[in-house]
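J.: 3D, please:
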Amino acid sequence: MFALAPISWSLVESAASASNLEFDIKASCTILIQRYLVQHLAEDTYQIHERIRELLRVKLENLAQADELKHGFCEAMVAANE
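T.: Okay, the predicted model is just below:
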């Protein structure tokens, strides 16, 4: 889920929507960019810092909603490939 590769922001929004978790995704993105945790590469394209990616992977393993997030990610990937 947290690849060290360019990520389409529309995919992030789609995965967040499918996971049914309540948070302001646009405000979160702005904060992540300001704190240099996510890099804005091009319009609608971002990349997670390598150390942050590893931290998120570890956090996901211990998160109660991990299955919900994984399910949302899978739904977004399927929708993107249709």
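J.: pLDDT below threshold where in the protein?
T.: Counting by pLDDT under 70, the chain contains low-confidence residues at 1-3, 18-22, 81-82.
J.: element containing the most centrally placed residue in the chain?
T.: Geometric centre of the chain, nearest residue: V12, 4.8 Å, by Cα atoms, centre = their mean. Secondary-structure assignment from DSSP states H and E places V12 in helix 9-19.
J.: roughly how far is the next helix or strand after that helix from the heart of the chain?
T.: Once the chain leaves helix 9-19, the next helix or strand it forms, by DSSP H and E, is helix 25-34. Here the centre of helix 25-34 is set off from its chain's centre by 11 Å, with Cα atoms, centre = their mean, to the nearest Å.
J.: what lies in contact with stretch 39-53?
T.: Residues from elsewhere that reach stretch 39-53, judged by Cβ atoms under 8 Å, 6 or more residues apart in numbering: 2-10, 12, 29, 33, 36-38, 56. Using the backbone N, CA and C atoms, a C-beta is placed for each residue, glycine as well.
J.: A79: which of the residues you listed is nearest?
T.: S10 (9.9 Å; Cβ to Cβ).
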